[in-house]
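Undergrad: with the input below, show me the fold.
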Amino acid sequence: SSGLARCLNRNRTSYFHNQKESMESLQEELERLRQELAEERQRRVALEEECDLLAEDNARLRSEIEKSRFNRRPPIPPDQSASAVAAVAGDVEVFVEGSGNYARVVRHTVVDASDGKNVLSTAVFQSQSPENMSDVGFVGGVDAHLRGFALSSGAELFVHKLPGPVLFIDCCPPWIACGTMDGTLMIGHLDSVSMELSIAEYKNHSKYVVGVRWSPSAKYVATVSYDKSVILYRRKEGAGSVDSLDINPAEQFEKYKVMQFQENPESLVFSSDEELIIGLRGLSHLLYIDLNSYTQRCVSLNEHEWDQHVSYVPLALSLSPCKKYLLVATDKHVHLVFRLGTNNRVRIFSGHNAGDYGKPSVAWDASGTYIYSNSEEESAVYVYSLGTQRVERRLTGHNGFIRSLAAHPTQPGFLITGSYDKTVKFWTCADV
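TA: I've put the predicted structure just below:
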């Protein structure tokens, strides 16, 4: 029995010894795998950083190539002025130098314009009865309120609660429309005599409404959303006069047409009551939609119609005051000006910053000779001259990114800017 016990003890000792060696071996293997995993993670981080750097270099090189390609214009013959050459091409307006009466002086500053939250959107409403009410600067922000301020004094005139943060505002007096982060379109009617603001809300998008535009006569209002749709609303036939004091916007407009896309629509603008222009991510062209037949016409953003490369994302669109040119704010740190309805580029502007998912905000001065632009990660407004194709001035005064800007439709040199410094500024030219 003692011999059996010794045998069992030897077997037990050998078993535990083997188990210990096996555990040590497994621990060593586990440590080796952990080390390899850590090294693999380091390699992956290094590769991601290298990819990011390459992407930045690629974007910079594309921008530089585009600038140099556009700037290599043929010289004007000595016996021809720039205006004469432009006249031949039919683009006299873009060669005319401005008078210098662009926005440059802060007239009013509204502090905490969105109840201490970031300002997201701005628009100018031109009063139809100046003797009763001044022009209004509408402001929307993260606090989910729409506010109206008198342009003449900066005093607050209206406050209205909306379902979500206000991302975009557009005005076509007496109408105002704005899109919110929860997918709501708000249509309002502002009476310049009674100063009454009537509101109706339409919830037809499942994601952000990132753009809202009126047609010139307010026959239509269109919304663009990241649910990959554009919705067209139409003023009802027989809706009656907009001069009524008790007008109800809900009785005036109806959802009329839904356009669904495979890519995210980013921007839109009406060229007339009969045509809507839409810019989509992932396409090399703009879509021109005939609102009578709903046929689509593709107009390339590239120099050649056959070029299908997606060179730009049209993040914002703006029609010139003369209705002849289309300003396209892109994701490649350049703004392009096209002759409306064509891919004929007549101007290109660079100096500001606007990346792949930037939020460019642009506006034409009422004179048509200057363009205002914000700049990513900057607190300045870039003033571009159409005539010289250069930065005329950088407007400073804000202490945070300028999220939105809007120019007065008929008064040259008047601008509103809304910033992440929680303020709104009203700018005028030096002569005012």
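Undergrad: when you work out contacts or count neighbours from here on, use the C-alpha atoms and nothing else.
TA: OK.
Undergrad: alpha carbons of stretch 197-213, as CSV, please.
TA: What follows is stretch 197-213, C-alpha atoms only, in CSV (Å, rounded to 0.1, in the frame of the first residue of the first chain):
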residue,chain,number,x,y,z
LEU,A,197,-46.4,86.1,-37.8
SER,A,198,-48.6,83.1,-38.7
ILE,A,199,-47.0,79.6,-38.7
ALA,A,200,-47.7,76.2,-40.2
GLU,A,201,-45.6,73.1,-39.8
TYR,A,202,-45.1,70.1,-42.2
LYS,A,203,-43.4,66.9,-41.0
ASN,A,204,-42.6,64.8,-44.1
HIS,A,205,-38.9,64.1,-43.8
SER,A,206,-37.3,61.4,-41.6
LYS,A,207,-34.0,63.2,-41.3
TYR,A,208,-32.5,66.7,-41.2
VAL,A,209,-33.9,69.3,-43.5
VAL,A,210,-30.6,70.9,-44.6
GLY,A,211,-32.0,73.3,-47.2
VAL,A,212,-35.1,75.2,-48.0
ARG,A,213,-35.8,77.4,-51.0
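Undergrad: now that stretch: how far from the chain's centre is it?
TA: Distance, stretch centre to chain centre, for stretch 197-213: 16 Å (Cα atoms, centre = their mean, to the nearest Å).
Undergrad: burial of the closest residue in space to Tyr256 that isn't next to it in sequence, as a residue count?
TA: What sits nearest to Tyr256 in space, not counting adjacent residues and going by Cα to Cα, 6 or more residues apart in numbering, is Tyr233, at 5.0 Å. Counted with other Cα atoms under 10 Å, residues neighbouring Tyr233 total 20.
Undergrad: what of Lys207?
TA: 17.
Undergrad: hang on, it in a strand?
TA: No. Read with DSSP: H, G, I helix; E, B strand; the rest coil, Lys207 is coil and lies in no strand.
Undergrad: ok so, going back, give the helix, strand or coil label for the residue nearest to Tyr256.
TA: strand.
Undergrad: where does pLDDT dip in the stretch 201-350 of the chain?
TA: Counting by pLDDT under 70, the ranges of the stretch 201-350 of the chain that qualify are 239-246.
Undergrad: 50 - rerun?
TA: Within the stretch 201-350 of the chain, no stretch has pLDDT under 50.
Undergrad: could you pull out the strands in it for me?
TA: Remark: strands assigned in the stretch 201-350 of the chain by DSSP state E, counting those that start in this stretch are 209-214, 220-225, 229-235, 253-260, 265-272, 275-280, 285-290, 296-300, 316-319, 325-329, 334-339, 345-350.
Undergrad: distance to Asp112 added to these, as JSON lines?
TA: Listed next are the strands of the stretch 201-350 of the chain as JSON lines, based on distance: least, Cα to Cα, whole Å:
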{"stretch": "strand 209-214", "distance to Asp112": "23"}
{"stretch": "strand 220-225", "distance to Asp112": "28"}
{"stretch": "strand 229-235", "distance to Asp112": "33"}
{"stretch": "strand 253-260", "distance to Asp112": "33"}
{"stretch": "strand 265-272", "distance to Asp112": "28"}
{"stretch": "strand 275-280", "distance to Asp112": "33"}
{"stretch": "strand 285-290", "distance to Asp112": "38"}
{"stretch": "strand 296-300", "distance to Asp112": "42"}
{"stretch": "strand 316-319", "distance to Asp112": "27"}
{"stretch": "strand 325-329", "distance to Asp112": "28"}
{"stretch": "strand 334-339", "distance to Asp112": "31"}
{"stretch": "strand 345-350", "distance to Asp112": "32"}
